[in-house]
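K.L.:
Mind folding the following:
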Amino acid sequence: MENQEVTTQQRWSFNCPQCKAFKVVDLVQRADGSLTHFRHVTKVNDLPAGVEVGTVVGGQFRPFPRQFQTLDTTPTTIAAERRCPCGGVADATVVTGTLKRESVCDSACTHAHGDDCECACGGQNHGIGWLGLGWRIVFRPDGSRKHARTDTAVEATPEVCKAALAVKAEKARERRERKAQAEREAIYEQRKIWSLENPGVEQYLADHYMDNPFLTSLQDQLDRWGNLSTRQADAVRRNMEREDRAAVETQPETAAPEGRVTVSGEVVKVKEQDGYMGGQEYKLIVKLDDGNRVWATCPNNLYRAVNPEACRRDEHWTVTLVGKRVKLTATFIRSDRDEHFSFGKRPVAEVIKES
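P.N.:
Residues are numbered from 1 along each chain as shown. Alright, predicted model coming up:
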């Protein structure tokens, strides 16, 4: 007994998460704490007297047949064993066995490279078909992966691992494309159904794309998701109805004014914009009594006229001004694109008091 060396043996499974290469090795921790390999070869070895190699199942030590054991005194570490030929770091786990006598121990056990065994061998034969073969990889140029057997796995050289990674990346790209295509087809089908339920809305958005930010955002949302909410579709229909009503309105019989004249009408819009030297100025659009429209800078006296009322109503003066009838004197220049629209310069205006 004085020549017996106390050792601890464990079977380790190493699996690379990147290229899917793997290896199964038996590592022995010697009395001095160093790790060494047990090489499994089909010849009688010269193990020192009293040295037994096996696995622990159910708290009992089960030695391996001596003709398959040979001791390798070359030290190693877990970190060194985890280095995959592809350059990645493999996951390292200890094989554990659960004895199930009703389960047959076959090639699914002997050629496994995972860490969990539940069969009649209780872990003794788990992965034994890979012992002594080093890093292996189940690789086909077409990317297919069959059950890992010694006749389907090849040596995991850096070149083979690189090719496997390229195939893996291509397969991942194809999966992403198939997923994206399926999503596009689903959106297309959903959009067809939505368009049938909301006739005219899709074509209206396409015809008015980039006309204003609101309609543009709705068109972008329709392209992305294939539908709009009920409230959004209702808003588009209201726009369509307003345009239909405007289209049937009678056009003014006369053209918009030109030169320095005085006109009267209703303020329909007030817009704030950047003015001279970084200041703010307000522009207003007035619908004249004859149906034409004019655009001009809002005179200060209109602000002074409506601001007290705006303060009483707790609202901005521009809101109060909309809807008021005004008398406007300005030098008008008729638009080149619309004869019923003029631009006013040097305006003077006053609010027409209701009688």
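K.L.:
In the beta-sheet assignment, what are the partners of I285?
P.N.:
K269, W295 (DSSP bridges).
K.L.:
wait, what's in contact with it?
P.N.:
Applying C-beta atoms under 8 Å, 6 or more residues apart in numbering, we find I285 in contact with 267-269, 271, 293-295. (Glycine included, C-beta is placed from N, CA and C.)
K.L.:
Name the member of these with the most neighbours.
P.N.:
Taking other C-beta atoms under 10 Å as the neighbour criterion, V294 ranks highest of the contacts of I285 with 25 neighbours.
K.L.:
ok, now which ones touch D338?
P.N.:
So D338 contacts A256 (C-beta under 8 Å, 6+ apart).
K.L.:
follow-up on the earlier one: going by distance to Q124, which of the contacts of I285 wins?
P.N.:
K271 (86.1 Å; C-beta to C-beta).
K.L.:
Next, the contact list for that closest one, please.
P.N.:
282-285.
K.L.:
Tell me which stretches of the stretch 101-250 of the chain form helices.
P.N.:
107-110, 158-197, 201-207, 213-225, 230-248 (DSSP state H, counting those that start in this stretch).
K.L.:
Name the residues that touch the fourth one?
P.N.:
Under the criterion C-beta under 8 Å, 6+ apart, residues 187, 190-191, 202, 205-206, 208-210, 228, 232, 235-236, 239 lie in contact with helix 213-225.
K.L.:
Could I get those residues in a markdown table, plus columns for pLDDT?
P.N.:
Compiled in a markdown table, these are given as follows (pLDDT from 0 to 100):
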| residue | pLDDT |
| --- | --- |
| I187 | 92 |
| Q190 | 92 |
| R191 | 91 |
| E202 | 90 |
| L205 | 89 |
| A206 | 86 |
| H208 | 81 |
| Y209 | 79 |
| M210 | 76 |
| L228 | 92 |
| Q232 | 92 |
| A235 | 91 |
| V236 | 91 |
| N239 | 89 |
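K.L.:
Give me the buried subset of those.
P.N.:
Among the contacts of helix 213-225, those classed as buried by neighbour count (16 or more other C-beta atoms under 10 Å) are 187, 191, 202, 205, 208, 228, 232, 235-236, 239.
K.L.:
Provide a list of residues in contact with the closest residue to D274 other than its chain neighbours.
P.N.:
In space, and not counting its chain neighbours, D274 is closest to Q280: 6.8 Å by C-beta to C-beta, 6 or more residues apart in numbering. Taking C-beta under 8 Å, 6+ apart, we find Q280 in contact with 272-274.
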